[in-house]
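*Asks:* Build the 3D model from these lines:
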Amino acid sequence: MEENLRHLTLPAMWQSAVSKFPDRPALSWEDGMPISYQAANSQIQDLQNQLSSLGIRHGDRVALLAANMPNWGISYFAIVNMGAVVVPLLPEYLPREIGVILDHAGVSGIIVSETLIHKLDELEQPWQGFKMHMEDFSLIGQAGAISNISSENLQKEVLPDDLAAIIYTSGTTGTPKGVMLSHRNICFNVYQGKDVQPILPEDRFLSVLPLAHTYECTLGLLLAVAGGAAVYYLRKPPVPAVLLPALERVKPTLMLTVPLIIEKIYRNRIYPKFQSSFILRNAYRNPALRRILNRAAGRKLMKTFGGHLKFFGIGGAKLSADVEQFLMEAGFPYAIGYGMTEAAPLIAGTRVGSTRLQSTGPAVMEMQIRIHEPDPETGQGEIWAKGPNVMQGYYREPGLTREVLTEDGWLKTGDLGAFDAENNLYIRGRQKNVIISASGENIYPEEIESVINTFRFVMESIVVEQKGKLVALVHFNREALEEKYKNLKEEVTDYMERKIEELRTELRDYVNARVNRFSRIHDVEHHDTPFQKTATQKIKRFIYNKKVA
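*Replies:* Presented below is the predicted three-dimensional model:
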């Protein structure tokens, strides 16, 4: 175990990287020149001095509101290295949500990107903290009187159990909670991640997920820093026109994604080619030939990702079985992780080459996982986790904290799962999502959705209960449908409406032939637009899962 595990603070982690890798590239735009660890350290120290002059001291909260950029990491380390507490905000938050969090966390100042300043101007109540441009760290407007800071406050040591970050997460429930993560929580999780995938100074991360989420921050930024690697950022959202040239330029060795990204690539670009002719369709139904075709597609996919990828981490939600089977047979260097913000976030994970179909792998280093009150027949129950990376609690919410943290430190994840004989963890679904049938059977909507999502032209789905019956809300890939039938002489729009009606009936029959009788769906409703999602691209079920009595 590394020497840094003794201190387990973010300042110690950062200074270790600066001393070991001063001239190595640290942070960069994907089309720009990287700044070195030494240069980044100078910027961090300058920003710390500026924050100190504005009255920020040990324990004060400073928020970050920006899309991914190199200066996000500079801001993060400047805040936590001086013992202040960082409060990352997702760029998608509405002004109302931002105002609630700024007030609840008692934020003293915010570092915000130019494109998001307007959200602060739209707050329902005036906010008195200072505002600073993330692009150049200049102040926005008047910052108020400059405080006199004593040398004691400036030199106060940062300890492992000091609060480092408050991460507000609403997940799929719609109720925001401030997860309190200490330096020990975050740093230990970094080393747990390093145990799953060692990081070298020559490694290049391409960041495509929001840094305000713990998944990308811990494993896409801090893990890179701990190994002296470089992280590259996109200037625009990762649509294909932006992502593909960036992959060619950066040639990343590591990336972190959520299932939706790779599922879209497979269903929109890879699988349709295997269905494009009678010969290919029949060949793909043959397991031996399918593996050959998948392997060939895997080589092309590797080239698409720059040709140097050695770790493609997938987490945040469950990966569809058909897509995972493709990745496995394609020889693509993917790995699965499981976690939650409350665990900083990694709880379980697999190394590349050690994946088991539909498993998240075993518990990470020094993490205990147990199944609480397992079903005697299936072995399934709620997943409980315990380890040095489990949060201190929810900020200013002792009642909510007691609901999820036991007195002896076990985190109740709310996920249902079971182990296999080799201690690989398998996730069944969220406990709160389970639907109880009229005859008392447990129905897992995620399992039905995994079947729905294998049906052609389906982009995504969610299964809800309406008047005691299961209904599938489905977003079809209308663009792919229009492309397929663009040569029709009749009006395409009218034809699409009829085709979608046919697909609804066909999909219902397809699903009901593949699930048990308790899980059969009564109806399929076409959802014309994509579903609203969390930062890790999970559907916000609370919006759609409105049961009708």
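*Asks:* CA atoms for contacts and neighbours, from now on please.
*Replies:* Fine.
*Asks:* how about low-confidence regions in the stretch 151-300 of the chain?
*Replies:* The stretch 151-300 of the chain contains residues with pLDDT under 70 at 151-155, 170-175.
*Asks:* again, 90 this time
*Replies:* 151-156, 169-176, 239-240, 260-261, 264, 267-269, 275-276 (pLDDT under 90).
*Asks:* Where do the strands of it begin and end?
*Replies:* 163-169, 177-182, 204-207, 230-233, 254-257 (DSSP state E, counting those that start in this stretch).
*Asks:* nearest to Tyr395, of these?
*Replies:* Set against Tyr395 and scored by C-alpha to C-alpha, the strands of the stretch 151-300 of the chain come closest in strand 177-182, at 5.1 Å.
*Asks:* Could you list the single helix or strand in this structure with the lowest mean pLDDT?
*Replies:* Using mean pLDDT, DSSP states H and E, helix 151-155 stands out as the lowest-scoring helix or strand of the chain, at a mean of 51.
*Asks:* if we can go back for a sec, want to throw the strands of the stretch 151-300 of the chain into a markdown table with distance to Gln48 and mean neighbour count?
*Replies:* Shown next, in a markdown table, are these (distance: least, C-alpha to C-alpha, whole Å; neighbours: other C-alpha atoms under 10 Å):
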| stretch | distance to Gln48 | mean neighbour count |
| --- | --- | --- |
| strand 163-169 | 15 | 25 |
| strand 177-182 | 20 | 25 |
| strand 204-207 | 25 | 25 |
| strand 230-233 | 22 | 26 |
| strand 254-257 | 29 | 22 |
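*Asks:* would you list these in CSV and tack on distance to Gln275?
*Replies:* Formatted as CSV, the strands of the stretch 151-300 of the chain follow (distance: least, C-alpha to C-alpha, whole Å):
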stretch, distance to Gln275
strand 163-169, 40
strand 177-182, 45
strand 204-207, 32
strand 230-233, 35
strand 254-257, 26
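*Asks:* do you know which of the ones you listed lies nearest Asp195?
*Replies:* Among those, strand 254-257 sits nearest to Asp195 (C-alpha to C-alpha), with 14.8 Å.
*Asks:* Neighbouring strands - and their directions - for that closest one?
*Replies:* Each strand that pairs with strand 254-257, with its direction, by DSSP bridges: strand 204-207 (parallel), strand 311-314 (parallel).
*Asks:* Identify whichever of the ones you listed lies nearest to Leu123.
*Replies:* Comparison of these against Leu123 by C-alpha to C-alpha identifies strand 204-207 as nearest, at 29.6 Å.
*Asks:* Return the alpha-carbon coordinates of the closest one using CSV.
*Replies:* What follows is strand 204-207, C-alpha atoms only, in CSV (Å, rounded to 0.1, in the frame of the first residue of the first chain):
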residue,chain,number,x,y,z
ARG,A,204,-4.2,10.0,-21.2
PHE,A,205,-7.7,10.4,-19.9
LEU,A,206,-10.4,11.9,-22.1
SER,A,207,-13.2,13.3,-19.9
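*Asks:* Mind listing residues that contact it?
*Replies:* 30, 68, 216, 220, 224, 229-234, 247, 250-256 (C-alpha atoms under 8 Å, 6 or more residues apart in numbering).
*Asks:* what's the spacing between that strand and its chain's center?
*Replies:* Distance of strand 204-207 from its chain centroid, counting by C-alpha atoms, centre = their mean, to the nearest Å, is 15 Å.
*Asks:* I'd like the numbering to begin with 35 instead of 1 from here.
*Replies:* Okay, residue one is now 35; in that scheme the one you just asked about reads as strand 238-241.
*Asks:* Doesn't Ile132 lie inside a helix?
*Replies:* Yes: applying DSSP: H, G, I helix; E, B strand; the rest coil, one finds Ile132 inside a helix.
*Asks:* In TSV: the strands paired with strand 288-291, plus distance to His41.
*Replies:* Compiled in TSV, the strands paired with strand 288-291 are given as follows (distance: least, C-alpha to C-alpha, whole Å):
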stretch	distance to His41
strand 238-241	26
strand 345-348	28
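*Asks:* For the residue nearest to Asp57 when sequence neighbours are not counted, give its distance to Gln231.
*Replies:* Nearest residue to Asp57 in three dimensions, chain neighbours excluded: Ser70, at 5.3 Å (C-alpha to C-alpha, 6 or more residues apart in numbering). Distance of Ser70 to Gln231, given as C-alpha to C-alpha, to the nearest Å: 23 Å.
*Asks:* Equivalent analysis for His92, please.
*Replies:* According to C-alpha to C-alpha, His92 and Gln231 sit 33 Å apart.
*Asks:* repeat for Lys298
*Replies:* Remark: distance between Lys298 and Gln231 (C-alpha to C-alpha) = 25 Å.
*Asks:* swap in Ala419?
*Replies:* From Ala419 to Gln231 the distance is 21 Å (C-alpha to C-alpha).
*Asks:* Tell me how this structure divides into domains.
*Replies:* For the chain, automatic domain parsing gives the domain ranges 37-60+67-217, 391-464, 468-578.
*Asks:* distance between the ends of the second one?
*Replies:* With C-alpha to C-alpha as the measure, domain 391-464 spans 19 Å from end to end.
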